[in-house]
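Novice: Quick check, what structure comes out for this input:
(one chain, ligands or ions: 2)
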Amino acid sequence: MQSYSSQGKLVRNGEKNKLVICIEGNIASGKTTCLEYFSKTSNIEVLTEPVSKWRNVRGHNPLGLMYQDPTRWGITLQTYIQLTMLDQHLSTIVGTLKHCTEQSAPMRMMERSIYSAKYIFVENLYRSGKMPEVDFAVLSEWFEWITQNIAIPVDLIVYLQSSPQTCHERLKERCREEEKIIPLEYLEAIHQLYEDWLIKKTSFNVPAPVLVISADDDLQKMILQYEENREKILSGSNV
Ligand SMILES: Nc1ncnc2c1ncn2[C@@H]1O[C@H](COP(=O)(O)OP(=O)(O)O)[C@@H](O)[C@H]1O
Ligand SMILES: O=c1ccn([C@H]2C[C@H](O)[C@@H](COP(=O)(O)O)O2)c(=O)[nH]1
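Specialist: Ligands and ions are numbered 1, 2, ... in the order given. Sure, this is the predicted structure:
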């Protein structure tokens, strides 16, 4: 079922009252770990990035191909990521959430968003000279059509702000096959784009208020920070 917003954008029925929180941050900054922690909370639907799809679409691995040859495969990966992220933004809540009551509206917590796919990863490929102009133009046309015609509401962005060095250490520990060739400089470039977008707010439109959580701490300290910020996060507020 669908309807239209006051701005004429396509809206999924029943989505209007649901809080949407996007967890943003560099590669291996701890987003999935954060989502796992909050998945134990009642009324929260957690959507991790569909990385398994990016590693296997009908037997092909666009994530691996992109890291091997970004100029050739960057558009392939990012087109697919844009589709899968849109699908996540628009998907309806599945199943029954734990202890869901009428007083407390269900909430969605997502890992990243269609916005960071474009503003961070596509932008990085383009600025580093690894994405041809024509590929960037086509992806941009798609992104603009989607965001101008479909309502993609986000109520709060939680930015896990971490140093590129910490991410590099964690990435090596996690040891995802495709990512073994990622150098520190790549994480530094992604970090800078995130900082410009969410902290300095000098690059692109920020679609929601931003709550910044420093993410260089060990797991125990991170849990303390999540608890300190729990109320803000669950009410979709950064103040
Ligand atoms: N605060 C932390 N301290 C140390 N290691 C962490 C911390 N948070 C996550 N990790 C580990 O770092 C790696 C990347 O974390 P992950 O949550 O998968 O990051 P992301 O989802 O942002 O890529 C994983 O191996 C995870 O267990
Ligand atoms: O738009 C995107 C989003 C993600 N990626 C890459 C970066 C990582 O190698 C994986 C998953 O990211 P995590 O930060 O580990 O969750 O996907 C990309 O290239 N483009």
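Novice: Name the secondary structure element that contains Ile223.
Specialist: Counting by DSSP states H and E, the element that carries Ile223 is helix 219-228.
Novice: Please determine whether that helix lies in contact with ligand 1.
Specialist: Yes. Helix 219-228 lies within reach of ligand 1 by Cβ under 6 Å from any ligand atom, at Leu219, Met222. C-beta: built from backbone N, CA, C; applies to glycine.
Novice: and that helix, average pLDDT?
Specialist: On average, the pLDDT along helix 219-228 is 98.
Novice: May I have it as CSV, with CA atoms only?
Specialist: The C-alpha trace of helix 219-228 is given here as CSV (Å, rounded to 0.1, in the frame of the first residue of the first chain):
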residue,chain,number,x,y,z
LEU,A,219,33.8,-2.6,24.4
GLN,A,220,33.0,-2.1,28.1
LYS,A,221,33.3,1.7,27.8
MET,A,222,31.3,1.7,24.6
ILE,A,223,28.4,0.0,26.5
LEU,A,224,28.6,2.7,29.1
GLN,A,225,28.3,5.3,26.4
TYR,A,226,25.4,3.5,24.9
GLU,A,227,23.6,3.4,28.2
GLU,A,228,24.4,7.1,28.9
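Novice: contacting residues for Leu187?
Specialist: By Cβ atoms under 8 Å, 6 or more residues apart in numbering, the residues touching Leu187 are Asn26, Ile27, Pro164, Cys167, His168, Leu171.
Novice: What is the end-to-end distance of stretch 162-182?
Specialist: 17 Å (Cα to Cα, to the nearest Å).
Novice: residues in contact with that stretch?
Specialist: By Cβ under 8 Å, 6+ apart, the residues outside stretch 162-182 that reach it are 25-30, 55, 61, 63-64, 67-68, 184, 187-188, 190-191, 214-216.
Novice: related to what we said a few turns ago, so which elements touch the helix holding Ile223?
Specialist: Applying 3 or more Cβ pairs under 8 Å, 6 or more residues apart in numbering; DSSP states H and E, we find helix 219-228 packed against helix 31-38, strand 210-214.
Novice: Let me have the ones you listed in a markdown table, extended by mean pLDDT.
Specialist: Formatted as a markdown table, these follow (pLDDT from 0 to 100):
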| stretch | mean pLDDT |
| --- | --- |
| helix 31-38 | 98 |
| strand 210-214 | 98 |
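Novice: among the ones you listed, which is nearest ligand 2?
Specialist: helix 31-38 (5.7 Å; Cβ to the nearest ligand atom).
Novice: shouldn't Tyr126 be in contact with Phe136?
Specialist: Yes. In this structure Tyr126 lies within contact range of Phe136 using Cβ atoms under 8 Å: 4.5 Å.
Novice: Among the helices and strands packed on helix 219-228, which comes closest to Tyr226?
Specialist: The closest of these to Tyr226 is helix 31-38. By Cβ to Cβ, the value is 5.8 Å.
Novice: Count the neighbours of the nearest residue to Ile146 once chain neighbours are set aside for me.
Specialist: Residue nearest to Ile146 in three dimensions, not counting chain neighbours: Leu86, with 6.1 Å by Cβ to Cβ, 6 or more residues apart in numbering. Leu86: 19 surrounding residues under other Cβ atoms under 10 Å.
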